[in-house]
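1. quick one, what's the 3D model for this:
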Amino acid sequence: MKCALVTGGSRGIGRAICLKLASETSYHILINCQSNTAAAEEVAAEIKGMGKTAEILQFNVSDAADTSAALTQWQESNPEAVVEVIVNNAGIARDGLFMWMSSDDWNNVINTSLNGFYNVTSFFMQKMLRNKYGRIVNMVSVSGVKGTAGQVNYSAAKGGVVAATKALAQEVAKRNITVNAVAPGFIRTDMTGELNEAELIKMIPANRFGEAEEIADLVSFLVSRKAGYITGEVININGGIYS
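-> Numbers count the residues shown, from 1 in each chain. Got it, this is the predicted structure:
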């Protein structure tokens with residue numbers, strides 16, 4: 001059984017990626033969520049409605065022990081299963097000016113995006129190297145590439161993942177493992193629901209927010225066999241706001 005794991009897969013971009021990979025690949029989809037199991041169940045049901053397979057893995061990516069325990073238990077229960085694709089999508093935002101930023105808001109954002117990347121990817125790395133095949137896609141952000149005022153913590157977390165992507169890609173390329181990052185701009189999801197869309201689209205050359213499905217299309221390509229010579233890249237998908 002060949003599997004694709006999507007962290008933060010119950011809502012928004014993660015949900016769109018789970019559905020797209022289910023429809024366009026033969027992978028068994030592993031939907032990670034931290035607490036919103038009801039939403040994850042809906043995604044799994046939708047995938048099963050396509051005639052494909054999926055299951056939910058509940059763990060907190062920012063907690064190394066929780067992540068290791070959940071993944072170990074799953075691997076022991078599925079000894080024949082091989083995770084070929086990892087989409088590190090889980091992330092949180094705690095926006096605010098740096099001068100007033102609490103250490104909790106700093107640490108929680110860094111732990112989820114940056115340490116979450118480490119906790120999940122490191123669990124599977126040796127197995128991928130032995131199998132001589134893998135596709136790792138890290139969801140970053142325009143904030144991690146250009147920096148965004150009011151998001152010093154989020155920019156730092158995503159910028160760290162950008163650098164990690166470039167470094168890891170060089171370590172594992174010989175084993176047919178690609179590591180890429182996708183950097184969305186303003187995408188219409190729950191996370192951007194509070195933003196003033198009418199005001200912000202004035203900054204976007206494409207004159208609109210992106211859709212989660214458009215991100216999922218790019219991820220689906222990057223995890224495919226067609227993208228075998230693309231690695232260490234950060235692909236901006238932002239309607240021209242920054243590239």
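
2. for burial, what's the neighbour tally of the closest residue in space to Q34 that isn't next to it in sequence?
-> Closest residue to Q34 apart from its sequence neighbours, by Cβ to Cβ, 6 or more residues apart in numbering: N60 at 4.9 Å. All C-beta spots, glycine's among them, are computed from the backbone N, C-alpha and C. N60 has 19 neighbouring residues, counting by other Cβ atoms under 10 Å.

3. just checking, N60 is part of a helix?
-> No. The assignment for N60 (DSSP: H, G, I helix; E, B strand; the rest coil) gives coil, which keeps it out of a helix.

4. which phi and psi does M101 have?
-> phi -80, psi 130 (degrees, to the nearest 10).

5. which residue sits closest to it, ignoring its sequence neighbours?
-> N153 (6.3 Å).

6. and for G159?
-> Counting by Cβ to Cβ, 6+ apart, the residue nearest G159 is G144, at 4.4 Å.

7. next, the contact list for that neighbour, please.
-> Taking Cβ atoms under 8 Å, 6 or more residues apart in numbering, we find G144 in contact with Y154, S155, A157, K158, G159, G160, V161, V162, A183.

8. at 10 Å what do you get?
-> G144 is in contact with 91, 113, 138, 151, 154-163, 181, 183, 234, counting by Cβ atoms under 10 Å, 6 or more residues apart in numbering.

9. same question for V145.
-> Here V145 is in contact with S155, K158, G159, V162, A181, A183, G185, V234, N236, N238, Y242, S243 (Cβ under 10 Å, 6+ apart).

10. so for stretch 114-127, what's the average pLDDT?
-> Computed over stretch 114-127, the mean pLDDT rounds to 98.

11. which residues belonging to it are considered buried?
-> The neighbour-count check on stretch 114-127 (16 or more other Cβ atoms under 10 Å) flags L114, N115, G116, F117, Y118, N119, V120, T121, F123, F124, M125 as buried.

12. what's the answer for stretch 164-181, then?
-> Buried residues in stretch 164-181, counted by 16+ other Cβ under 10 Å: A164, T165, K166, L168, A169, V172, I177, T178, V179, N180, A181.

13. dump the buried residues of stretch 114-127 to CSV, plus secondary structure.
-> Shown next, in CSV, are these (three-state DSSP):
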residue, secondary structure
L114, helix
N115, helix
G116, helix
F117, helix
Y118, helix
N119, helix
V120, helix
T121, helix
F123, helix
F124, helix
M125, helix
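
14. including distance to T37, could these go into JSON lines?
-> As requested, those are exported to JSON lines (distance: Cβ to Cβ, whole Å):
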{"residue": "L114", "distance to T37": "25"}
{"residue": "N115", "distance to T37": "22"}
{"residue": "G116", "distance to T37": "18"}
{"residue": "F117", "distance to T37": "23"}
{"residue": "Y118", "distance to T37": "24"}
{"residue": "N119", "distance to T37": "20"}
{"residue": "V120", "distance to T37": "18"}
{"residue": "T121", "distance to T37": "23"}
{"residue": "F123", "distance to T37": "21"}
{"residue": "F124", "distance to T37": "23"}
{"residue": "M125", "distance to T37": "27"}
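
15. these: which two are farthest apart?
-> Maximum pairwise distance among the buried residues of stretch 114-127 (Cβ to Cβ): 17.3 Å, between L114 and F124.

16. for the closest residue to T53 other than its chain neighbours, give me its contacts.
-> Distances taken as Cβ to Cβ, 6+ apart place H28 nearest to T53, at 4.7 Å, with adjacent residues excluded. Shown here is H28, whose contacts under the criterion Cβ under 10 Å, 6+ apart are 1-5, 21-22, 47, 52-55, 78, 81-83.
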